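Asks: Attaching a predicted model along with its sequence, questions to come.
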Amino acid sequence: MTDIFKYDVDADGVATLTWDLPGKSMNVMTLEGLESLNAGVDKALGDPAVKGLIITSAKPDFAGGMDLNILAGMKRQAGDDPARGLFEGTMRMHELLRKIELGGADRKTMKGGKPVVWACPGTAAGIGLEIGLACHRRIAADNPKAKIGLPEILVGIFPGGGGTTRLAWMLGAMAAAPLLLEGKMLAPAKAKAAGVVDEVVPADQLLARAKEWVLNAGPDDVVKPWDRKGYKIPGGAPYHPAGFQTFVGASAMIHARTQGVYPAAQALLAAVYEGMLVPFDTALKIEARWFTKVLMNPSSEAMIRSLFINKEALEKGAVRPAGVPDMRVRKLGVLGAGMMGAGIAFVAARAGIEVVLMDRDQEAADRGLATIAGLLDEGVKKRKVTEAQKAEVLGRVLATPDYARLEGCDLVIEAVFEDMGVKAEVTAKAEAVIPEDAIFASNTSTLPITELAKASKRPERFIGIHFFSPVHKMALVEIIKGKQTGDEAVAKALDFVRQIRKTPIVVNDARFFYANRCIIPYGAEANRMVAEGVEPALIENSARQMGMPLGPLQLGDETSIDLAVKIMNATKAALGDAYPDNPGDAVIQKLYDLGRLGRKAKAGFYEYDEKGKRLRIWPGLRELFPVRKDQPSKTEVQNRLMLAQVLEAVRAFEEGVLMDIREGDVGAILGWGFAPWSGGPFSWVDMTGPAKVVEICEDLAARHGPRFAPPALLKELAAKGETFYGRFDAAKKAA
Ligand code: NAD
């Protein structure tokens, strides 16, 4: 038996279970961990000499949550009745936590229970907090890095270890909502204010205070409110007038936010609602049933795979070239202190890297520095950054027009104007100063890396590192290999992205790389529909209801109409006669000619008020492009908008621009907000079924043109009854 939870009893008869998962810096709950906890709890409750129990951790934090790899595996291991396996596994977890909660008390009289206290040294997420919620008292250390909460909803599931029921019964549905439905993680003081923990004490007094509480606990302290007669849930149960209003409001709010495509949020609300109508033990059973239902939904599996397992694998270097030593950046040069350059300098300096931020003159370089100071000030205002931290970060950035200052930079990223000539000039000037083995990167959005590398004396050390705007908010970074780019450059870029804690994907050089390549057709298809006379609101709502964060017309306004015109003209110039005719181009051109340049102009596809608040679709759009009487169905609009993106992703993979479907899925969600519920375009195809997707494509192609023709790879998968993850999952192959 492994002792993942170490068991000790002191001279005063207080037992301690100390969680210490071997070989990991953070505890995560595994099946063996549950067994170990169960054995320890049995020992403490069964020993008459033990007065009470402290549950704590040997590590700086309590726990990061459930090992989601296991959750995904549990379903596979459950054999031919996976739902039963999941439900029974979940119920075993409930039995264990309920045992802790009862502390060995007689179920009828609720007498004779032993006090159990949770002593939480740092962060406690998911099952970590769920263990705490089962204890009679929760004491947290005043640890400035600690975050306490239940973030399950963010990966497409909900707290299924009793956290949903316990939190809702303890705080009431209204107060529990931000923690359960938004996955909010709270600092210890905030967790106390919210009623999630009972006490916050200095870290060095945590265990002493926990012991003191155990030794002084009276009979009342060891009976949970819901195990006493007549307990009333704060804010009222569903049939109470106040409770009724809460649930009506919550139900509407969830639907507005999720557009009906995320099963977890609705299941969570159902579990809370139904649970509140029955006794506590039955409520836990109901929670387990809804939890099973969510885990059985393919959307949850796809979300866990992309947003947790594969995202983490990419961040840890799943696609890093083997055998290249640590290439972490010590001194970074950034050329161009505009919007992107300043953003890149900021995230690097924040990660502890020394930065030389260059522009054409001192004034322009200083503007970049001022942008960084502004971003830090926002953090100070929100109390996320102290004045001292601000000074420290700014102290790492040298703003200068002098190339000589780039000396010693082991990585340089250029973010100057999008112009081949300007970029070639700065490449040559920088390479004259930086060490021979330094890596040079371009943040270009549209220029081929292989072309740009021609200005370099060492094209094998030249690479694309493509950030998204705003740099400090967007999690994805696309790394682009030119024809001659070598492994060291790739490793350098990956190590840098890891240092700044973003998620990388590595792609080959091709027009618009990956993310922009797929998002441009989404807008173009919508523009085409406007030109055809499809009601603009139908386009926007259909997109939102298939889980896109922004409708394509709104997205057009956000990224600006002039950018769309620029891309359109550049693509026309590059493709010549091969440029596919799109009646939607006239829509963009018209808005441009009218000066309706999008949100920044407070006029675009939408109308805005003076403060820039979006009001409604601009009525003039329907006059310029009259709305047809016969409107397509929502499904038709959704298929067109979905496949515009998905087929581009499939083609990128087929052509070898994308090398790994995991990168295609993770990159789609993080890069352009592709319907997260689906797990990404490749997961979406697998979930829908390749044969069905081919059928939809062929139908659309017959009516709307060859851009919807199914790529050969898709047809092949369909014909053989295969899926993308069945054939191409690199993670499975490596295992
Ligand atoms: P920007 O106009 O805000 O900034 C460009 C900066 O480069 C300016 O400060 C300019 O003074 C400076 N510069 C120009 N020539 C220079 C030279 N010879 N030497 C030194 N500095 C020089 O532009 P931006 O939006 O930050 O874009 C920069 C690059 O990033 C472009 O290649 C663009 O395609 C790419 N990019 C932009 C976005 C975006 O959303 N804006 C996203 C990804 C990539």
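Replies: That came in fine, so what should we check first? Residues are numbered from 1 along each chain as shown.

Asks: Contacts only, for the residue positioned nearest the centre of the chain.
Replies: Among the residues of the chain, the one closest to the centroid is Leu307, at 5.9 Å (Cα atoms, centre = their mean). Counting by Cβ atoms under 8 Å, 6 or more residues apart in numbering, Leu307 touches Leu154, Val155, Gly156, Val666, Ile669, Pro676, Gly679. (Each C-beta comes from the backbone N, C-alpha and C, glycine too.)

Asks: next one: Asp67
Replies: Val28, Met29, Thr30.

Asks: From Ile131, how far off is it?
Replies: For Asp67, the distance to Ile131 (Cβ to Cβ, to the nearest Å) stands at 14 Å.

Asks: Disregarding flanking residues, what is the spatial nearest neighbour of Cys135?
Replies: Nearest residue to Cys135 in three dimensions, chain neighbours excluded: Trp118, at 4.0 Å (Cβ to Cβ, 6 or more residues apart in numbering).

Asks: you'd agree the one you found is in a strand?
Replies: Yes: using DSSP: H, G, I helix; E, B strand; the rest coil, the secondary structure at Trp118 is a strand.

Asks: looking at it, it is touching Glu130, isn't it?
Replies: No: with contacts counted by Cβ atoms under 8 Å, Trp118 stays clear of Glu130, the gap being 10.4 Å.

Asks: What is the burial count for the residue in the stretch 601-735 of the chain that the ligand sits nearest to?
Replies: Per Cβ to the nearest ligand atom, Gly671 is where the stretch 601-735 of the chain lies closest to the ligand, at 10.9 Å. For Gly671, the neighbour count with other Cβ atoms under 10 Å is 23.

Asks: Which residue comes closest to the residue of the stretch 101-250 of the chain found nearest the ligand once chain neighbours are left out?
Replies: Closest approach between the stretch 101-250 of the chain and the ligand, counting by Cβ to the nearest ligand atom: Leu154, at 25.8 Å. Nearest residue to Leu154 in three dimensions, chain neighbours excluded: Gly183, at 4.4 Å (Cβ to Cβ, 6+ apart).

Asks: so the one you found sits right up against Phe158, yeah?
Replies: No: between Gly183 and Phe158 there is no contact under Cβ under 8 Å: 9.2 Å.

Asks: which neighbours do the two share?
Replies: Joint contacts of Gly183 and Phe158 (Cβ under 8 Å, 6+ apart) are Glu152.

Asks: So the two - more neighbours on which side?
Replies: Neighbour totals were compared for Gly183 and Phe158, and Phe158 leads with 28 against 18 (other Cβ under 10 Å).

Asks: so what's the backbone phi/psi at that one?
Replies: Per-residue torsions, Phe158: phi -140, psi 170 (degrees, to the nearest 10).

Asks: which non-adjacent residue is nearest it?
Replies: Among residues not flanking Phe158 along the chain, Leu268 sits closest, at 4.0 Å (Cβ to Cβ, 6+ apart).

Asks: likewise Ala432?
Replies: Tyr403 (7.3 Å).

Asks: List phi and psi for the one you found.
Replies: With angles defined as degrees, to the nearest 10, Tyr403 sits at phi -60, psi -30.

Asks: Looking at it now. What's its pLDDT?
Replies: Tyr403 carries a pLDDT value of 98.

Asks: Please tell me I have it right and it contacts Ala430.
Replies: Yes: if you go by Cβ under 8 Å, Tyr403 and Ala430 touch, sitting 6.6 Å apart.

Asks: ok, the two, which is more surrounded?
Replies: When Tyr403 and Ala430 are compared for neighbours, Ala430 comes out ahead with 20 against 17, by other Cβ under 10 Å.

Asks: Roughly how far does the residue in the stretch 301-450 of the chain that the ligand sits nearest to sit from Ala365?
Replies: Shortest the stretch 301-450 of the chain-to-the ligand distance, computed as Cβ to the nearest ligand atom: residue-wise this is Gly338, at 1.8 Å. Distance of Gly338 to Ala365, computed by Cβ to Cβ: 11 Å.

Asks: more neighbours, these two?
Replies: Legend: neighbour count by other Cβ under 10 Å for Gly338 and Ala365, higher for Ala365 (25 against 15).
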